[in-house]
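Trainee: Using only what follows, build the 3D model:
(one chain, ligands or ions: 1)
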Amino acid sequence: MRVYSGIQPTGRKHLGNYLGAIRHYVTGQEEAQAAGDESIFCVVDLHATTVAYDPAELRDRTYDTIALLMAAGIDPERSVLYRQGDVPEVPELMWLLTAVTAHGDLNRMHQFKEKSGQQRDLVSAGLFLYPVLMAADVLAFRADRIPVGDDQRQHVELMRDIALRFNARFGGGDPQDPSKPGEQILTVPEGTYPTVAARIMDLQAPEKKMSTSSGSVEGTLYLLDDPKAAEKKLKRAVTDSEDPPVIRRGPDKAGVSNLIDILAATTDRTPDEVEASLVDARGYGDLKKAAADAVTTMLAPIQERYRALREDEAAIEDALATGAEKARAIARPVLADVREAMGVGPRR
Ligand code: TYM
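Mentor: Below you'll find the predicted structure:
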């Protein structure tokens, strides 16, 4: 049971990233180890070049994100933790996978539609090919499970389709006939999504997901926000005007539902349990205060470890050098199998 996930080094990572993904990397790391397999985590600097960005900043943001993953509990001794740009097998595999990727499928990707609309000067071909690079990330390691938030579902479905089509086309099956899947040259991975907090919403605009690229600073709770700022953002979160206020989830109560999810995820309870614990609350203030206390308590030790780790860039580079070596050792034979199956390069 090999676990794999990736995260962008853009901007500052937020509560949605943590509750929807990063904390599940840490449990994935434990589960993979217990099963005698590997967990692999990647900071995707190549993906970050698909939209307008500042080259001078990219390396720093990558260090930030690596230090954050380590502070959250990813142990580079037990997992493979690497920077995408250090593993050239991945972009090579990406190119090879374009042979079995439908242009029409890429055109249908929500993220492409959304992000291409935000670009002022250039919609890069890289942005269009982004999901193929993401497929290569995972498929290069024959990963089985991908812990991600809800917003990555479409990308995960696409990488499964790519793997299935590759195996059928180059593994001796029939791409038109699912009963003839061909040899499993590439592992068809599965996405795993949290049962609570798979999609944390913007605190100021709870109908939109919390996001570094499109949200407001007030609506986005950054993992490195100091406790005062975090508390203020949660206490000012948009709720609703139901009178008297009722603490329950519902499609008509996006803001309150989001706060219930945040409190449930940070205190390891179900949303039902959180609702039950607040039946006697006097108003939304009690929910907000409980969420603020829980979030700041959860973040404090992560922030403390982060500050110590982030200071030592040489140590981060050392960890990344080891990570790249381990990652390349896994990806190299997979790539060799892919080249062989596709007839690329000399015969093995
Ligand atoms: P990224 O960097 O945008 O987000 C990292 C992880 O955080 C999750 N996430 C959320 N979860 C809950 N609520 C939210 N508001 C929220 N916002 C983000 C994301 O689902 C993700 O799991 N394309 C990916 C990076 C990637 C990748 C991969 C992931 C590249 N290659 C291979 C998995 C496997 C991305 O942009 O994530």
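Trainee: now for the lowest-mean-pLDDT helix or strand in the chain, which elements pack on it?
Mentor: Lowest on mean pLDDT, DSSP states H and E among the helices and strands of the chain sits helix 110-118, with a mean of 92. The contact analysis (3 or more Cβ pairs under 8 Å, 6 or more residues apart in numbering; DSSP states H and E) places helix 110-118 against helix 125-139, helix 153-170. (Glycine included, C-beta is placed from N, CA and C.)
Trainee: now, of those, which is deepest in the fold?
Mentor: Counting by mean count of other Cβ atoms under 10 Å, helix 125-139 has the highest mean neighbour count of the helices and strands packed on helix 110-118, with a mean of 23.
Trainee: Which one, of the helices and strands packed on helix 110-118, ends up nearest to the ligand?
Mentor: helix 125-139 (4.0 Å; Cβ to the nearest ligand atom).
Trainee: what does that closest one contact?
Mentor: With contacts defined as Cβ atoms under 8 Å, 6 or more residues apart in numbering, helix 125-139 is touched by 4, 6, 42, 44, 46-47, 49-51, 84, 90-91, 93-94, 97-98, 101, 106, 109, 111-112, 115-116, 119, 146, 155, 158-159, 162-163, 166, 186-187, 189, 334.
Trainee: That helix and the ligand, are they touching?
Mentor: Yes: shown here: helix 125-139 in contact with the ligand (Cβ under 6 Å from any ligand atom) through 134, 137-138.
Trainee: tell me the mean pLDDT over that helix?
Mentor: Helix 125-139 comes out with an average pLDDT of 98.
Trainee: Use 15 as the first number from now on
Mentor: OK, 15 is where the count begins now, so the last one is helix 139-153.
Trainee: orientation of that helix relative to helix 167-184 in degrees?
Mentor: Angle between the axes of helix 139-153 and helix 167-184 is 70 degrees (criterion: axes from the mean of the first three to the mean of the last three Cα atoms, to 10 degrees).
Trainee: Work out the gap between the following helix or strand past helix 139-153 and the centre of the chain.
Mentor: The first helix or strand that comes after helix 139-153 along the chain, using DSSP states H and E, is strand 159-161. Using Cα atoms, centre = their mean, to the nearest Å, the mean C-alpha position of strand 159-161 is found 9 Å from that of the whole chain.
Trainee: Also stretch 236-251?
Mentor: For stretch 236-251 - counting by Cα atoms, centre = their mean - the centre lies 22 Å from the chain centre.
Trainee: And for stretch 42-53?
Mentor: Distance of stretch 42-53 from the chain centroid (Cα atoms, centre = their mean) equals 18 Å.
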